[in-house]
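Colleague: Got a sequence here, can you model it:
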Amino acid sequence: METAFQHIEDSDRIWVYQAKRVLSNEEIAALIDSGKMFVANWAAHGQPLRAEIMVLDNLFVVVMLDERQAMATGCSIDKSIGWITAMGLKLGIDFMDRTQVVWYDDNEQLQISSLDEFETLAEQGQISSDTMVYNNLVFSGKELKNNWKIPAKESWHSRYFKEKFQD
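Modeller: Numbering: from 1, shown residues only. Modelled structure (predicted):
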């Protein structure tokens, strides 16, 4: 069985853009179609970039760049941000809001909370440092495969459980 991660090389440069809600099949198709056109023309200082756009877990747009061929530059990164921002406007979805946390509850159901809500849930003991979260700060294909879905205590989310780790 083929998985999305089979297309990701450990050395790929990764950018993860999170939607504020689960995407519909139509929105995913629009993102993939537009993404294919975008990467077909994406370049850095005139040198074509080999990249792919994926939508994972119906919530995350992942831009993967094979930097073995050519590396991204400031201008090319700006163009990718412009593309995802434009797609967000077209679809009515904010992909740039970093104030949302995606995590799994005890029933392994995907949940989306604001940072404030997540902190409150942690304070109330409704979630723990073992709660599985998405760490969208991953930078490489290897990190995406190994450190994207991890316990909160192993990510930047650990700050919400700080008191529990002190002895």
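
Colleague: And M54, how far from V133?
Modeller: Distance, M54 to V133, by Cβ to Cβ, to the nearest Å: 20 Å. The C-beta positions use only the backbone N, C-alpha and C, and glycine is treated the same way.

Colleague: just T120 next, same as before
Modeller: Separation of T120 from V133 (Cβ to Cβ): 15 Å.

Colleague: Check D66 too.
Modeller: 28 Å.

Colleague: The protein - how does it break down into domains?
Modeller: The record's domain split for the chain, according to automatic domain parsing, is 4-91, 100-165.

Colleague: Do a quick rundown of the strands in this protein.
Modeller: If DSSP state E is used as the criterion, the strands of the chain fall at 13-18, 43-44, 47-48, 51-56, 60-65, 100-104, 110-114, 132-134, 149-151.

Colleague: can I get these in TSV with distance to G74?
Modeller: Below are those laid out as TSV (distance: least, Cβ to Cβ, whole Å):
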stretch	distance to G74
strand 13-18	13
strand 43-44	9
strand 47-48	14
strand 51-56	16
strand 60-65	14
strand 100-104	26
strand 110-114	31
strand 132-134	26
strand 149-151	30
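
Colleague: rewinding a little: comparing M54 and V133, which shows the higher neighbour count?
Modeller: Taking other Cβ atoms under 10 Å, M54 and V133 do not tie; V133 has more neighbours (24 against 18).

Colleague: For that one, list each beta-bridge partner.
Modeller: Under DSSP bridges, the beta-bridge partners of V133 are W103, I150.

Colleague: just checking, it touches P151?
Modeller: Yes - applying Cβ atoms under 8 Å, one finds V133 in contact with P151, separated by 7.5 Å.

Colleague: which neighbours do those two share?
Modeller: Residues touching both V133 and P151 (Cβ atoms under 8 Å, 6 or more residues apart in numbering): there are none.

Colleague: State the number of residues packed around L56.
Modeller: Neighbour tally, L56, other Cβ under 10 Å: 15.

Colleague: Likewise for the one 4 residues further on?
Modeller: Applying other Cβ under 10 Å, we find 19 residues neighbouring F60.

Colleague: Likewise for Q124?
Modeller: By other Cβ under 10 Å, 8 other residues sit near Q124.

Colleague: same thing with I77?
Modeller: Using other Cβ under 10 Å: I77 sits among 15 other residues.

Colleague: what's the closest non-adjacent residue to it?
Modeller: Nearest in space to I77, with sequence neighbours left out and distances taken as Cβ to Cβ, 6 or more residues apart in numbering, is W15 at 8.0 Å.
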